[in-house]
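Visitor: would you be able to build a 3D model of this:
(2 chains)
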Amino acid sequence: MNIRAVAVDEAARIAEIIEDCRQLEGPMLPILHRVQEEFGFIPESARQVIAKALNLSRAEVHGVVSFYHDFKDHPAGRHTLKLCRAEACQSMGCESLAEKAKAKLGIDWHETTFDGAVTLEPVFCLGLCAQAPAAMLDGELFARLDEDCLNDIVAEVRA
Amino acid sequence: MSVTVFVPRDSAALAVGADKVAAAIQREAEARGIDVHIVRNGSRGMLWLEVLVEVRTDHGRVAYGPVKASDVPSLFDASFLTGGNHRLCHGLTSEIPFLKNQTRLTFSRCGITDPLSLEDYRHYKGLTGLQKAVAMAPADIVKQVTDSGLRGRGGAGFPTGIKWKTVADARADQKYIVCNADEGDSGTFADRMIMEGDPFVLIEGMAIAGIAVGATKGYVYTRSEYPHAIAVMEEAIAIARREGILGSSVLGSAYAFDMEVRMGAGAYVCGEETSLLNSLEGKRGIVRAKPPLPALEGLFGKPTVVNNVMSLASIPVIMDRGAQFYRDYGVGRSHGTIPIQLAGNLKHGGLYETAFGLTLGQIVNEIGGGTISDRPVKAVQVGGPLGAYFPPALFDTVFDYEAFTAAGGLIGHAGIVVFDDTVDMLKQARFAMEFCAVESCGKCTPCRIGSTRGVETVDKIAQGIEPEKNKVLLEDLCNTMKFGSLCALGGFTPYPVMSALTHFPDDFAPAPVREAAE
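Guide: The predicted structure follows:
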């Protein structure tokens, strides 16, 4: 597949998503969520297409994309590991666990490992506050996290 | 005969392997040629016991927990299917003190039923509130909610009935019910539990609100961190539509009401109601100045009720049992029940619904069982990241809206996070400022810039740079943020900071051996 075909495909998929969401009231966030689900991030080209479809300026779309922590402007790793850093998890030592995770993966917050396996993100509360510390790996939840469990997760994403 | 076994599907259970436990029970039963029927219920809220497996017996439901998949063969060996004894057995679920001593009104079904079984919901008195509401004049519904004394459970504690009346009296071609399910406060999970464990009660509450104020459309705005809650809510809404609870004729009446779930995108500030409305409209989640009130100019400029999940989920029982029934619970001007969420470093963490009026000490030590680390409690943060830290010296504070305000704190969403004596309160104060800096929407200066200056000032105190002068500066900064910010994010960040400084001065004292903050 050449680059041009990829671009055409991307534009077609974005147009399809916009069409699907058009009848919703306030369709912007649903569109962005679906674009991100499709591509893993919000491609630069999407801003212009969405702006045109919703009768907004490109700057307004960019403003929305950049406001929310969830929307990324570049692809993440194959897996995303989110470690909770909020107070309840702090009370059970999430900070030292996070340091261990960083050391094991060799990355800091928001970074992706060199092999593209995993991106490490902080998250502020997964609603598992009575079973802290908590984490989420690609939508799968983990509570009462300890070093053994963390090692298992790291081994899994590296596999 | 088939035996019914309950394995929760709540996130709190899934996160400790509930799916594996359910699969193991199925596998083991098949291998032994026993017929079991596994129901995936909501959580009972005794989260230190998750995965809490229950078996239906002639005497009632018998509880086993915390169960791991590897425990399953031994449970079968101990004939748990007939309530047999096992080291994980806790006897009848309803007799476990943590559960028995609660007053469950809003959470009456949670953990008992299959969340997506409308039959279960009806069996446990679901929909009776809505049935009564469709037969009433809308103004009478509003009056009943007002008379119940229900106050907004999201944190502000504003009387729900008065908010509804403002929307009901507004004239517009379209009105909205918006459910604030953006439960971002650390230490809180009640909204998530009700959405995953009893979604129909929220749907019923929103439909009643719609009928009361003349709104035909509702939105549940929740967090992307809650994928299971979103999935259960969406499935429940589809069932409710199919069964005529939602749609052009609610329960066969002349009222129309429909609703959908919308997912946020990881912005804490969107839990603030005006910011939430902007986000729903597809804009940046920037806080709006009030007035105009959302009740008059809310979503898309139309009159809008914005209520928390807990407020809306309390409506069905108020309609069913009457205003006086609900009002009789509680103390002073705090009527009804509150689902207290016990979190952090506690032996017995979980959800405890009770009437207002317990003391903080009772909640932490008696119900929560003290710290899981077995070290002394040093601080308890009540009300999420914007709530004050309380030392044990203030454990006689009564849990109601007024007493907490008087003690320089707030109840917020009733989340309680316990810390043992290893916590460094200067670090917690720094975190509160840092969190505010990361999550600030940027509209007002005290919050946007004050929080960053706050982090720097706390760092200077930690490094021993003119500590006395900087403490005065920090207090002054907190004052500016408290009174100069547009919303609760900037306005309440001073609570954790100032309470840490006031109640734990030793942590802010320059000590020669003190380690640097990071």
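
Visitor: and B:Glu434, how many residues sit next to it?
Guide: 16 (other C-beta atoms under 10 Å in any protein chain shown). All C-beta spots, glycine's among them, are computed from the backbone N, C-alpha and C.

Visitor: for B:Ala13, same thing?
Guide: B:Ala13 has 32 nearby residues by other C-beta under 10 Å.

Visitor: wait, doesn't it sit right on B:Val7?
Guide: Yes: using C-beta atoms under 8 Å, B:Ala13 is in contact with B:Val7, at 7.4 Å.

Visitor: shared neighbours, the two?
Guide: Residues touching both B:Ala13 and B:Val7 (C-beta atoms under 8 Å, 6 or more residues apart in numbering or on different chains) are B:Val51.

Visitor: which pLDDT does the model give the most centrally placed residue in chain A?
Guide: Nearest to the mean C-alpha position of chain A, counting by C-alpha atoms, centre = their mean, stands A:Asp70 at 5.4 Å. Looking at A:Asp70, its pLDDT reads 94.

Visitor: so how far is B:Gly282 from it?
Guide: 14 Å (C-beta to C-beta, to the nearest Å).

Visitor: same question, B:Gly322
Guide: 41 Å.

Visitor: quick one: stretch A:103-121 near chain B?
Guide: No: against chain B, stretch A:103-121 shows no contacts by C-beta under 8 Å from any C-beta of the partner chain, the least distance being 9.3 Å.

Visitor: run through who's touching that stretch.
Guide: Under C-beta under 8 Å, 6+ apart, the answer for stretch A:103-121 is A:76-83, A:101-102, A:122, A:150-151, A:154, A:157-158.

Visitor: against B:Arg151, how distant is the residue lying closest to B:Lys68 once chain neighbours are set aside?
Guide: Spatial nearest neighbour of B:Lys68, excluding adjacent residues (C-beta to C-beta, 6 or more residues apart in numbering or on different chains): B:Gly17 at 6.3 Å. Counting by C-beta to C-beta, the gap from B:Gly17 to B:Arg151 is 38 Å.

Visitor: also B:Asn470?
Guide: 38 Å.

Visitor: show me where chain A has its strands.
Guide: Secondary structure of chain A (DSSP state E): strands at A:79-84, A:118-123, A:135-137, A:140-142.

Visitor: next helix or strand past the worst-scoring helix or strand of chain B on mean pLDDT?
Guide: When each helix and strand of chain B is scored by mean pLDDT, DSSP states H and E, strand B:330-331 comes last, with a mean of 84. Downstream of strand B:330-331, the next assigned helix or strand under DSSP states H and E is strand B:334-335.

Visitor: what packs against the lowest-mean-pLDDT helix or strand in chain A?
Guide: Sorting the helices and strands of chain A by mean pLDDT, DSSP H and E puts helix A:3-21 at the bottom, at a mean of 85. The contact analysis (3 or more C-beta pairs under 8 Å, 6 or more residues apart in numbering or on different chains; DSSP states H and E) places helix A:3-21 against helix A:28-39, helix A:44-53.

Visitor: please identify the most buried of the strands of chain A.
Guide: Among the strands of chain A, ranked by average contacts under mean count of other C-beta atoms under 10 Å in any protein chain shown, first place goes to strand A:79-84 (a mean of 23).

Visitor: strand partners of it, parallel vs antiparallel please.
Guide: strand A:118-123 (parallel), strand A:135-137 (antiparallel) (DSSP bridges).

Visitor: make a markdown table out of those strands and add mean pLDDT.
Guide: Formatted as a markdown table, the strands paired with strand A:79-84 follow (pLDDT from 0 to 100):
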| stretch | mean pLDDT |
| --- | --- |
| strand A:118-123 | 96 |
| strand A:135-137 | 97 |
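
Visitor: how about low-confidence regions in the chain?
Guide: Just so you know, I chose chain A. For chain A, the stretches with pLDDT under 70 are A:1-6.

Visitor: was after chain B, sorry
Guide: For chain B, the stretches flagged by pLDDT under 70 are B:511-518.

Visitor: report the longest strand in it, please.
Guide: Under DSSP E, chain B gives strand B:337-344 as its longest strand.

Visitor: need the contact partners of the very next helix or strand once past that strand.
Guide: The first helix or strand that comes after strand B:337-344 along the chain, using DSSP H and E, is strand B:350-355. Defining contact as C-beta under 8 Å, 6+ apart, one finds that strand B:350-355 is touched by A:130, B:43, B:45-48, B:98, B:101-107, B:189-190, B:193, B:329-331, B:336-342, B:363, B:367.

Visitor: of those, buried ones?
Guide: Neighbour counting over the contacts of strand B:350-355 (16 or more other C-beta atoms under 10 Å in any protein chain shown) leaves A:130, B:43, B:45-48, B:98, B:102-107, B:189-190, B:193, B:329-331, B:336-342, B:363, B:367 as the buried ones.

Visitor: ok, B:Asn470 and B:Arg151, which is more surrounded?
Guide: Neighbour count, other C-beta under 10 Å: between B:Asn470 and B:Arg151, B:Arg151 has more, with 24 against 21.

Visitor: checking the residue nearest to that one when sequence neighbours are not counted next. Helix, strand or coil?
Guide: For B:Arg151, ignoring the flanking residues on the chain, the nearest one in space by C-beta to C-beta, 6+ apart is B:Gly157 at 4.4 Å. Here B:Gly157 is coil, with the state taken from DSSP: H, G, I helix; E, B strand; the rest coil.
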